[in-house]
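Undergrad: Here you go, sequence then predicted model.
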Amino acid sequence: MTAWGKTQSTQGDFAVIYKGNFTGMDFADVKLEDLKECDEFFTVANGTVLGNMNREGNRKQVVCNKGFIIKNGSDISQCKNGTWTPKPTCVPECESGWRKHGDACYLFVQSLTSADEANITCANSGAKLLTIPTKDDTDFISTSDITETMIWTGLRMKDNVWQDMFTNQVASYLIYCDGVTHKCVFIKWSSARVHLNCYSCTMGASTACKKPFGI
């Protein structure tokens, strides 16, 4: 943790910053009038803030309560130019049976159901079917126990184009099929890449649900 002291120089009062451990320390002089303080950062929801200094260069650590983890990144925050950067927050872990990939929690259900039943399964868990694949989606379906598995998505044939049933966003992926009797889309990881194919909505495929991490 950065420590502070005060010294005199021919140019006026300076703050001396002691950086690093107390062995092999580096020193830097900063004019006191240039020394910025950050806002008070003593509490965080669902966690504890360690450290009690708010001056430029000071660091604090956030320790989350049981059942919560740091969201997206470091548990260390540093006062830089008057702002705590980053400012860690504690969010709930993914529920039991769910897996975290990136900013989302995923649930895989192996049993085969229709596309509508898969959608209901996800909705009952406050989640949605996968739609237009993101990197997090790809990371999830490429895990060893899911590869080569047909998984329902929320892509549907509408107005002669494939759309996200939740947002109406048109899919940029090429999906080869007639879209007449096969109006639903499944996703599969095979041969080291994502495959999207259409299928009759009443046929059976597995389910993958997704919801934002921390919800």
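TA: Everything's here; your move.
Undergrad: what's the domain layout of this protein?
TA: Domain assignment for the chain by automatic domain parsing gives 3-92, 99-212.
Undergrad: ok, of those domains, where does mean pLDDT dip lowest?
TA: Ranked by mean pLDDT, the domains of the chain end with domain 3-92 in last place, scoring a mean of 73.
Undergrad: strands paired with the lengthiest strand in the chain, and their directions?
TA: With secondary structure taken from DSSP state E, the chain has its longest strand at strand 104-113. Within its sheet, strand 104-113 is paired with strand 99-101 (antiparallel), strand 205-212 (antiparallel), according to DSSP bridges.
Undergrad: Tabulate the CA atom coordinates of the next helix or strand after it in CSV.
TA: On the C-terminal side of strand 104-113, the closest following helix or strand by DSSP states H and E is helix 115-123. Only the C-alpha atoms of helix 115-123 are listed here, as CSV (Å, rounded to 0.1, in the frame of the first residue of the first chain):
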residue,chain,number,x,y,z
ALA,A,115,-38.3,-25.2,-28.9
ASP,A,116,-41.3,-23.8,-27.1
GLU,A,117,-40.7,-26.0,-24.1
ALA,A,118,-37.1,-25.0,-24.0
ASN,A,119,-38.1,-21.3,-24.0
ILE,A,120,-40.4,-21.9,-21.1
THR,A,121,-37.7,-23.7,-19.2
CYS,A,122,-35.4,-20.7,-19.5
ALA,A,123,-38.2,-18.2,-18.7
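Undergrad: okay, the angle between helix 115-123 and strand 104-113?
TA: In terms of direction (axes from the mean of the first three to the mean of the last three Cα atoms, to 10 degrees), helix 115-123 departs from strand 104-113 by 140 degrees.
Undergrad: and for the following helix or strand past helix 115-123, what are the contacting residues?
TA: Sequence-wise, the next helix or strand downstream of helix 115-123 (DSSP H and E) is strand 128-129. Strand 128-129 has contacts (Cβ atoms under 8 Å, 6 or more residues apart in numbering) with 118-119, 122, 152-154, 165-166, 207-211. For the C-beta atoms, the positions are set from N, CA and C on the backbone; glycine is no exception.
Undergrad: From Ile141, how far off is the spatially most central residue of the chain?
TA: In the chain, the centroid-proximal residue (Cα atoms, centre = their mean) is Asp103; its distance is 1.9 Å. The gap separating Asp103 from Ile141 is 16 Å, by Cβ to Cβ, to the nearest Å.
Undergrad: now Leu129
TA: 12 Å.
Undergrad: who's Lys158 bridged to?
TA: Going by DSSP bridges, Lys158 is paired in beta bridges with Val161.
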